[in-house]
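Peer 1: Sequence and computational prediction follow.
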There are 2 protein chains.
Amino acid sequence: MSDSNGRTIDNQRRRFKLTIAYDGSAFHGWQKQVTADGGGLRTVAGELEKVLIRVLRQPVELVGASRTDAGVHARGQIAHLDAATTIPVDRLAQAITSRLPRDLEVLRAELVPDTFHAIRDPRSKQYRYKIHNTLRRPLHQRHQVWHCWWPIDVSRMAEAAERLVGTHDFEGFSAAGHGRKSTVRTIHACRVDRGREPMVEIVVEGDGFLYNMVRIIAGTLVEVGRGHFESTVIDRVLASKNRQEAGPTLPPQGLWLEWIRY
Amino acid sequence: MSDSNGRTIDNQRRRFKLTIAYDGSAFHGWQKQVTADGGGLRTVAGELEKVLIRVLRQPVELVGASRTDAGVHARGQIAHLDAATTIPVDRLAQAITSRLPRDLEVLRAELVPDTFHAIRDPRSKQYRYKIHNTLRRPLHQRHQVWHCWWPIDVSRMAEAAERLVGTHDFEGFSAAGHGRKSTVRTIHACRVDRGREPMVEIVVEGDGFLYNMVRIIAGTLVEVGRGHFESTVIDRVLASKNRQEAGPTLPPQGLWLEWIRY
């Protein structure tokens, strides 16, 4: 039970939703990985679980909404877990974060109904791909952007981005071996913005994304921006479902998971 | 000799001035260091010299204007060296930078008179100390700012900063063992700005700085901002020359060498 301030006042098992931010540079992605020798690679879920077990004093199983790859960043990753604790929910994020390494933090912890599911329930997710578009290479941001030194035409890219919006089979924009039954997804919005000089940012919102889908979309839009492809390449790849006709998969460090809505 | 485009057209030994930027996080400071086993720590000057020797195909001796500490960043460090090369001076920065690690770059190379001296001649240097002033700790910028979670009063700090301007004996604002003959320096300007939320930045310009001087000034201004000291602490430390009466030395990662003018 919770009192009127949302504090847990007894010790029943409940579901918690966590909003999580991380700098992906030093992580082998989100997903817990165990190596052959029984050791583990450093992953976001792995580091989080270690601290959750210490804070909550019980085994926990963390279910993360998006399995981000090594090097990918998050400002609003979502995960859920079940636990029985007397720690007030409004203190939980701080209690966890204070024990986490400096490249990982829990921004918010909330009580949610037991039916809430981080992976199954998202209505919309937003990703951003950050391109440092100038001759001079990025210095302090080198792990947080992708460096593209050739000129790209943002209005051409924006025109191509528009063509992605809608419900389509995105098979041609995904890496092999994604293991998903359906490759049909809905993109609600896709835009290309000039950010603060010299940044160009691709922002894409949808109900879900296939493996490497955002990085392949970004790579295809950059090819359009360079003049290597016409914007009609989008329609062609959607129709052919042929990965070979799309652009390259851009590197992970430019990719940011911005938010997930339920 | 140079032609009208500033290209070196013969092979005489000349003096070059380099403008250098680096992310100090992974360097043991500017100065070349040799360890007991004959190996070396990774330093900015050490990495630069290795590449200069390869590019210029001769031994080089690099004279850097400011011996920044481990963790300190630079946007406009200056160094000089003498070399004979047929590489056009307008290509030199790019030729060097393309071989440098990603946390270090040469922004500009210029021919200067043989009388130019990076250490002896600066008229003015600007340093900036960046404070991330909010409860939430910095994530992506954690190696580039100092985290101060208690509230600080910027107008109180600005009032104290004003009192530093002028020619004074800054002995009380320096670490022991600086090895300088005179501790008299002139500060041309010192201001405290609210940057983009949640940043507070201390900007100080002067003809030279003693060891740890900017970090001790920043630590003293923060104590004023917290209300632990009155702004008159500045006058007291200048008069007493007593390091113990000043504030703490803030950590290196918040410190940025911005520019050096000759």
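Peer 2: Arrived safely. Numbers count the residues shown, from 1 in each chain, chains lettered A, B, ... in the order given.

Peer 1: all contacts plus neighbour counts: C-alpha atoms, from now on.
Peer 2: OK.

Peer 1: What segments of the stretch 101-250 of chain A are helices?
Peer 2: A:154-162, A:213-226, A:233-240 (DSSP state H, counting those that start in this stretch).

Peer 1: avg pLDDT for the longest one?
Peer 2: Read it as helix A:213-226. Helix A:213-226 shows an average pLDDT of 98 in the prediction.

Peer 1: helices or strands next to it in the packing?
Peer 2: Contacts defined by 3 or more Cα pairs under 8 Å, 6 or more residues apart in numbering or on different chains; DSSP states H and E place helix A:213-226 against strand A:124-132, helix A:154-162.

Peer 1: rerun at 10 Å
Peer 2: Packing partners of helix A:213-226 (3 or more Cα pairs under 10 Å, 6 or more residues apart in numbering or on different chains; DSSP states H and E): strand A:124-132, helix A:154-162, strand A:184-194, strand A:199-206, helix A:233-240, strand A:255-261.

Peer 1: can you pull the contacts of A:Leu250?
Peer 2: Taking Cα atoms under 10 Å, 6 or more residues apart in numbering or on different chains as the definition of contact, the neighbours of A:Leu250 are A:129, A:131, A:146, A:212, A:214-220, A:222.

Peer 1: Top of the residues you listed by number of neighbours, please.
Peer 2: Each of the contacts of A:Leu250 was scored by neighbours using other Cα atoms under 10 Å in any protein chain shown; the highest score is A:Ala218's, at 31 neighbours.

Peer 1: Closest one of the contacts of A:Leu250 to B:Ala175?
Peer 2: The shortest gap between B:Ala175 and any of the contacts of A:Leu250 belongs to A:Trp146, at 40.6 Å (Cα to Cα).

Peer 1: May I ask which two of the contacts of A:Leu250 are separated the most?
Peer 2: Every pair in these was compared (Cα to Cα); the two farthest apart turn out to be A:Ile131 and A:Asn212, at 16.6 Å.

Peer 1: With distance to B:Ser155 as added columns, please give the helices of the stretch 101-250 of chain A in CSV.
Peer 2: Shown next, in CSV, are those (distance: least, Cα to Cα, whole Å):
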stretch, distance to B:Ser155
helix A:154-162, 42
helix A:213-226, 45
helix A:233-240, 55
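
Peer 1: A:Asn133 touches A:Ile152, doesn't it?
Peer 2: Yes - counting by Cα atoms under 10 Å, A:Asn133 sits close enough to A:Ile152 to count as a contact (7.8 Å).

Peer 1: So what sits opposite A:Val184 in the bridge?
Peer 2: Beta-bridge pairing of A:Val184 under DSSP bridges involves A:Asp169.

Peer 1: Next to chain B, which bits of the stretch 1-150 of chain A? Give me the list.
Peer 2: Contacts of the stretch 1-150 of chain A with chain B, taken as Cα under 10 Å from any Cα of the partner chain, map to A:21-25, A:73, A:75, A:94, A:97-98, A:102-105, A:107, A:136-144.

Peer 1: and the gap between A:Ala21 and B:Pro251?
Peer 2: For A:Ala21, the distance to B:Pro251 under the criterion Cα to Cα, to the nearest Å works out to 25 Å.

Peer 1: okay, these two: which has more neighbours?
Peer 2: Just comparing A:Ala21 and B:Pro251: by other Cα under 10 Å the higher neighbour count belongs to A:Ala21, 24 against 18.

Peer 1: Residue ranges in the stretch 151-262 of chain A under the pLDDT threshold?
Peer 2: Within the stretch 151-262 of chain A, the stretches falling below the threshold (pLDDT under 70) are A:178-179.

Peer 1: of the contacts of A:Leu250, closest to chain B?
Peer 2: Distance to chain B across the contacts of A:Leu250 (Cα to the nearest Cα) is lowest for A:Trp146, with 12.8 Å.

Peer 1: need the contact list for the closest one.
Peer 2: By Cα under 10 Å, 6+ apart, the residues touching A:Trp146 are A:129-133, A:137-138, A:199-200, A:250-255.

Peer 1: of all those, which comes closest to A:Val165?
Peer 2: Nearest to A:Val165, judged by Cα to Cα, of the contacts of A:Trp146 is A:Tyr129 at 16.7 Å.

Peer 1: Pretty sure that closest one sits against A:Val192.
Peer 2: Yes - the criterion here is Cα under 10 Å, and A:Tyr129 meets it with A:Val192 at 9.4 Å.

Peer 1: which residues do these two both contact?
Peer 2: The contact lists of A:Tyr129 and A:Val192 share A:200-204, A:218, where a contact means Cα under 10 Å, 6+ apart.

Peer 1: burial measure for A:Gln12, as a count.
Peer 2: For A:Gln12, using other Cα under 10 Å, the count is 13.

Peer 1: can you pull the contacts of A:Leu107?
Peer 2: When the contact criterion is Cα under 10 Å, 6+ apart, the partners of A:Leu107 are A:18-21, A:75-77, A:92-94, A:96-97, B:136.

Peer 1: One more pass at 8 Å, please.
Peer 2: Contacts were defined as Cα atoms under 8 Å, 6 or more residues apart in numbering or on different chains; by that measure A:Leu107 touches A:18-21, A:93-94.

Peer 1: got it, and A:Glu205?
Peer 2: A:124-127, A:187-190.

Peer 1: how about the nearest residue to it, chain neighbours excluded?
Peer 2: A:Gln126 (4.4 Å; Cα to Cα, 6 or more residues apart in numbering or on different chains).

Peer 1: cool, and A:Leu92?
Peer 2: The shortest distance from A:Leu92 to any residue other than its chain neighbours is 6.2 Å, reached at A:Ala109 (Cα to Cα, 6+ apart).

Peer 1: For the one you found, list the residues it contacts.
Peer 2: A:16-19, A:89-90, A:92-93.

Peer 1: nearest to B:Leu56, of these?
Peer 2: Once Cα to Cα is applied, the member of the contacts of A:Ala109 that ends up nearest B:Leu56 is A:Thr19, at 52.0 Å.

Peer 1: how many other residues sit next to A:Glu162?
Peer 2: Residues within reach of A:Glu162, counting by other Cα under 10 Å, total 16.

Peer 1: That one: what's it in contact with?
Peer 2: With contacts defined as Cα under 8 Å, 6+ apart, A:Glu162 is in contact with A:189-191.

Peer 1: ok, it to chain B distance?
Peer 2: According to Cα to the nearest Cα, to the nearest Å, A:Glu162 and chain B sit 31 Å apart.

Peer 1: try A:Glu61
Peer 2: Summarising the geometry, the distance separating A:Glu61 from chain B, computed by Cα to the nearest Cα, is 25 Å.

Peer 1: Which pLDDT value goes with that residue?
Peer 2: pLDDT recorded at A:Glu61 is 95.

Peer 1: give me the number of residues near it?
Peer 2: 15.

Peer 1: Could you do A:Arg196 as well?
Peer 2: The burial metric for A:Arg196, expressed as a neighbour count using other Cα under 10 Å, is 9.

Peer 1: can you check A:Ile234 too?
Peer 2: Residue crowding around A:Ile234 was assessed by other Cα under 10 Å; the count is 24.

Peer 1: so who does it touch?
Peer 2: A:160, A:163-164, A:246.

Peer 1: rerun at 7 Å
Peer 2: Neighbouring residues of A:Ile234 by Cα atoms under 7 Å, 6 or more residues apart in numbering or on different chains: A:160, A:163-164.

Peer 1: want to throw these into TSV with neighbour count?
Peer 2: TSV is the format used below for the contacts of A:Ile234 (neighbours: other Cα atoms under 10 Å in any protein chain shown):
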residue	neighbour count
A:Ala160	26
A:Arg163	17
A:Leu164	21
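
Peer 1: closest to B:Asp235 among those residues?
Peer 2: Within the contacts of A:Ile234, proximity to B:Asp235 (Cα to Cα) peaks at A:Ala160, which comes in at 63.0 Å.

Peer 1: All good on my end, thank you.
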